[in-house]
Structures are given as structure tokens and as C-alpha cells.
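> Coordinates for the following, if possible.
(one chain, ligands or ions: 2)
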Amino acid sequence: MTQLDIVDVGHSYTPGFEEERWALKPLGLTFEAGKTYALVGPSGCGKTTLLNILSGLVRPSQGQVLFDGADVTALPTKARNIAQVFQFPVIYQAMTVYENLAFPLQCRRWDKARIDAKVHQVAEALDLDDRLGQPARRLTADDKQLISLGRGLVRDDVAAVLMDEPLTVIDPQLKHSLRRKIREITEQFRPTVIYVTHDQYEAMSIAQEVLVMKDGRAMQQGTPEQLFEAPSSTYVGYFIGSPAMNFLTVDRAHGNVTLGAGT
Ligand SMILES: Nc1ncnc2c1ncn2[C@@H]1O[C@H](COP(=O)(O)OP(=O)(O)O)[C@@H](O)[C@H]1O
Ligand SMILES: [Mg+2]
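Residues are numbered from 1 along each chain as shown. Ligands and ions are numbered 1, 2, ... in the order given. Purely as a prediction, here's the structure:
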């Protein structure tokens with residue numbers, strides 16, 4: 001596991017835009033080794049852009065990306081030793097569930113016994129252990145995404161696991177138990193995880209630290225409790241919590257606050 005830092009990183013997909021219109025306004029962040037972070041905010045606020053800058057799929061317009069202090073800004077994804085889980089399952093249809101989970105480890109030349117132990121450990125954590133011999137193509141969309149999650153979590157030598165809305169295709173009934181499984185697995189294996197979601201409930205239940213974003217800016221970072229109990233803006237107060245916080249307009253005059261004045 002690795003600490004990820006971004007230093008004064010900003011990004012515009014359109015060259016020449018003034019900073020106000022950038023998809024990601026320049027910011028610095030530290031993701032500590034072995035912790036699980038969620039990036040949360042409405043669609044279009046820059047979550048995927050930030051994640052793709054960390055993975056190397058997007059080269060930022062400015063700033064540096066550091067992995068354990070080493071500058072990886074110019075390195076391609078495959079040189080960053082990360083695992084990625086996307087919205088839709090990425091699996092090998094022709095392989096069995098077992099082979100899908102084992103493949104990332106075979107690529108790293110792990111020996112057979114070590115691969116076998118690890119595949120069973122992850123399969124058990126995801127409740128896939130009774131289907132290891134089945135061809136992956138026969139599984140439901142939910143189960144295929146479970147394999148993608150397993151493939152993301154099976155290597156314990158990755159710098160970080162980056163997940164972009166991985167529960168989108170999952171049946172709402174199953175989401176609840178999967179959130180718990182992701183939490184259990186990350187607590188057990190302790191990789192550095194950055195988890196993107198637009199769902200504040202998902203963010204709060206999976207991550208140790210939540211970063212709330214809006215319009216390409218980081219609004220506030222903290223534990224779920226800190227965000228819930230001490231939001232630093234009305235935006236965070238409204239976004240976090242279900243039902244959302246209520247805001248009332250008051251008049252303030254002569255040291256008094258009047259609620260519902262003028263009505
Ligand atoms: N490849 C792209 N080219 C141009 N604009 C993009 C591209 N990807 C994202 N954007 C824009 O950047 C902003 C942030 O997008 P994104 O990071 O995908 O947000 P999120 O993942 O939070 O929904 C949005 O305004 C989006 O339209
Ligand atoms: Mg996105």
C-alpha cells in the first residue's frame with residue numbers, strides 16, 4: 001500500500017479555458033496508505049477526472065501526482081501498479097470465476113499455492129466460493145461485477161485500488177450487502193482505496209474519509225462523523241445526511257435573531 005499525493009493538480013479538457021471553467025480546479029490532497037477514501041458529489045463535479053488523474057488515464061493540465069513521494073505524473077497507468085474497478089464489469093467471459101480471479105496473480109508470477117490461497121480467501125469474502133468452477137459468462141450482471149471487485153482486491157501488492165461507481169449495475173437489494181463486503185475486505189486487506197460515488201450513503205458506509213466535491217472543487221474532507229456533525233458549508237450540510245439538513249432564513253438585528261420575520 002502506498003500514499004498518494006496530488007500537489008497543485010488541476011485539469012481542463014479544453015486548452016485555454018480560464019481556471020473558473022476547469023473540470024478540476026487546482027488543489028492538493030493526501031491519501032494516506034491503507035485508508036479507504038470516498039470522493040462524493042453530484043454528476044459532473046470532477047470525481048472521475050480526479051480518479052483518472054491518479055490512475056494515469058488523464059494527464060493533468062498542471063501539478064504533480066506522487067506515489068510514496070515519487071513523481072509519477074508522466075507515467076502511464078500500467079507503470080503505476082494500481083487496480084481499477086469501473087462501473088461495468090471487466091471480466092474474461094471465456095474463463096471460469098476462479099481463472100478470472102487468478103489471472104492478475106498469474107500475470108505477477110505468483111506461485112500456484114499462493115494464488116490458490118488468495119483466490120479462495122477473496123472468493124469467500126465475496127461469497128463467490130461456491131461458483132469458482134463456473135464459466136464467468138453464465139453469471140448475472142451482479143455476480144460479474146463481484147468478480148471485477150474481486151479482481152481489484154485480489155492483489156495485495158498494488159499501490160492503490162481505484163473504484164469508479166462500482167455498484168451502479170448492482171441490484172438495489174444487493175447493494176447493501178455489497179457495501180458491507182467492500183468495507184470488510186478493505187478492513188481485512190488494508191489497501192489504499194479511492195472510491196468514487198454520487199451516493200452519499202454509499203460514501204459514508206464504505207469510507208473512513210470522505211471528500212465532498214462540487215464544481216471541480218474539494219468542499220470538505222473528513223470522517224463521516226465529522227462531515228455529518230460539523231459541515232463547513234450549507235452545501236455539505238445539505239448533501240450529507242438523510243433526510244438532508246433543513247435551512248431556515250432568519251433576520252439578525254440588534255443582537256437578536258428572528259425566525260420567520262416578515263411573514
Ligand atoms: N473527456 C472529456 N472531455 C471533455 N470534457 C469532459 C471529459 N470528461 C469529463 N468532462 C467534463 O468534466 C467535468 C467533470 O466530469 P467528471 O470528472 O466525469 O465528473 P463526475 O465523475 O463527477 O461525474 C464535467 O463537466 C464533464 O462534462
Ligand atoms: Mg464519473
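> where along the stretch 1-150 of the chain do the helices fall?
With DSSP state H, counting those that start in this stretch as the criterion, the stretch 1-150 of the chain has helices at 47-55, 97-107, 112-125, 141-153.
> Could you say which one of those helices comes nearest to A159?
Closest of the helices of the stretch 1-150 of the chain to A159 is helix 47-55, at 9.7 Å (criterion: CB to CB). Where C-beta positions appear, they are placed from N, C-alpha and C, glycine not excepted.
> Which strands or helices does the closest one pack on?
Other elements packing on helix 47-55 under the criterion 3 or more CB pairs under 8 Å, 6 or more residues apart in numbering; DSSP states H and E are strand 4-11, strand 24-31, strand 36-40, strand 82-85, strand 160-164, strand 193-197.
> need those strands in a markdown table with distance to T96, can you?
Listed next are those as a markdown table, based on distance: least, CB to CB, whole Å:
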| stretch | distance to T96 |
| --- | --- |
| strand 4-11 | 33 |
| strand 24-31 | 34 |
| strand 36-40 | 29 |
| strand 82-85 | 20 |
| strand 160-164 | 23 |
| strand 193-197 | 27 |
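> Now tabulate the ones you listed in a markdown table and tack on mean neighbour count.
What follows is the helices and strands packed on helix 47-55, written out as a markdown table (neighbours: other CB atoms under 10 Å):
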| stretch | mean neighbour count |
| --- | --- |
| strand 4-11 | 19 |
| strand 24-31 | 18 |
| strand 36-40 | 25 |
| strand 82-85 | 23 |
| strand 160-164 | 24 |
| strand 193-197 | 26 |
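> Export these as TSV, with columns for mean pLDDT.
What follows is these, written out as TSV (pLDDT from 0 to 100):
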stretch	mean pLDDT
strand 4-11	98
strand 24-31	98
strand 36-40	98
strand 82-85	94
strand 160-164	96
strand 193-197	97
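> Next to ligand 1, which bits of this protein? Give me the list.
For the chain, the residues in contact with ligand 1 (CB under 6 Å from any ligand atom) are 13, 23, 41, 43-49.
> you'd agree S61 is up against S12?
Yes: assessed by CB atoms under 8 Å, S61 is found in contact with S12 at 5.1 Å.
> Tell me which stretches of the stretch 151-263 of the chain form helices.
Using DSSP H, counting those that start in this stretch, the helices of the stretch 151-263 of the chain run over 172-189, 200-206, 224-229, 234-239.
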